[in-house]
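Enquirer: no sequence on this one, just coordinates:
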């Protein structure tokens, strides 16, 4: 098998696993109406379920990078898949609120390994010329997982009149993907991992990683973008109804278009990132498009039928920034520390996802839905500044994306 074909299968396998990770982000939220009735829960208690998932995932994401650098990504990937299966199975058997928390915590442990694993494999096993495209496909598969989960979970719940069957179905899906990964395991590490990295992990102490300004700039960038995305994912549909007085079906289709356009933006961003040497230029342009559309959405000055178009452009801009962002972080990553670095910086995504809905929920409580979109634009503006500082740091230290 030539190197290009190897890259295609490797990226496909990593993408498949990544889609399952994102799928598991939404194995509980679509079922809230059933859980609320069966367990007599408040919305605050249901919100804590999701917060638990992301907090656990954030902690594991930071620490699992150590294991990835020490033992290689493949065994940690398999372990993460097993925890996803255990989490969904526990949720299916849950008979109390406490068991729900245990179930999402187990799933959070599984979810926490994926970014250190995925990016270590991509960075070490994919040809440099294919990296930008690998990052874009990796991102697209995540969006596909998000898109598939609500349909899958709600369909099984409706067909079998049981949300528990839906959870068992999620566990079975993860088990099937794990089986595929095990069968094709040689593609995930064709050489001993210690021969792939150019410098042993112990040559770059973990304590030194925490001292690098580039790591915290990367973490802040991920936190800001995830914080803003949490607003779109959690409250955009309700906010748009209040601003434009349009039916919920139109706002739902707008969110679907946002996700599809984000995936298209990721693919386009892979090509753009290979042509433009400065990642922050790509990020600035992409977030300018997205930020302007967020402000337009908040102003509510256009007819309601334009909302899907506005959201499509907003999603495209956000997606296009993805590959350039990942190349920029990779450039700042010390040799032999990929797992720890991506574990650290991607924990910003989980923390942003856990904390963002709190602020945006307050905006809704304060009857100020338009502020959600203004805040998203401000967050993206700050993220552009952070990206420029990270890119400048990389340049000053001779770290060039490749």
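Expert: Now that the structure is in, tell me what you want to look at. Here the structure is a predicted model, which means the values were calculated and not measured.

Enquirer: mean confidence score for stretch 233-246?
Expert: Averaged over stretch 233-246, pLDDT sits at 86.

Enquirer: Adjust the sequence numbering to begin at 46 for everything that follows.
Expert: Renumbered: residue one is now 46, and that last one reads stretch 278-291.

Enquirer: which other residues reach that stretch?
Expert: For stretch 278-291, contacts defined as CB atoms under 8 Å, 6 or more residues apart in numbering pick out 292-293, 295-297, 299-300, 303, 342-343, 345, 349, 352, 356, 401-402, 405-406, 408-409, 412, 414-415, 417-418. Just so you know, the C-beta spots here come from the backbone N, C-alpha and C atoms, and that holds for glycine as well.

Enquirer: and with 7 Å instead?
Expert: Applying CB atoms under 7 Å, 6 or more residues apart in numbering, the contact partners of stretch 278-291 are 293, 296-297, 299-300, 345, 349, 352, 402, 405-406, 409, 414-415, 417.

Enquirer: How about it, which residues are buried there?
Expert: By neighbour count, and taking 16 or more other CB atoms under 10 Å as the criterion, the buried residues in stretch 278-291 are 278, 279, 280, 281, 282, 284, 285, 286, 287, 288, 289, 291.

Enquirer: Ok, stretch 57-68 next?
Expert: Using 16+ other CB under 10 Å as the test for burial, stretch 57-68 gives 58, 59, 60, 61, 62, 63, 64, 65, 66, 67, 68.

Enquirer: The third one: which element?
Expert: Looking back up the chat, that one is residue 60. Secondary structure here is read from DSSP states H and E; on that basis residue 60 sits in helix 48-68.

Enquirer: contacting residues around that helix?
Expert: Residues lying outside helix 48-68 but in contact with it, judged by CB under 7 Å, 6+ apart, are 122, 129, 156, 159, 163, 166-167, 170-172, 175, 179, 182-183, 186-187, 189-191, 193-194, 219, 222, 225-226, 229, 232-233.

Enquirer: Now intersect the residues you listed with the helices, please.
Expert: In helices, judged by DSSP state H, the following of the contacts of helix 48-68 are found: 122, 129, 156, 159, 163, 166-167, 170, 179, 182-183, 186-187, 189-191, 193-194, 219, 222, 225-226, 232-233.

Enquirer: Can you tell me which of the residues you listed are buried?
Expert: For the ones in helices among the contacts of helix 48-68, a burial check counting by 16+ other CB under 10 Å picks out 122, 129, 156, 159, 163, 166-167, 170, 179, 182-183, 186-187, 189-191, 193-194, 219, 222, 226, 232-233.

Enquirer: Could you look up the next helix or strand downstream of the helix or strand harbouring residue 369?
Expert: Here residue 369 sits within helix 352-376, counting by DSSP H and E. Sequence-wise, the next helix or strand beyond helix 352-376 is helix 383-410, with elements assigned using DSSP H and E.
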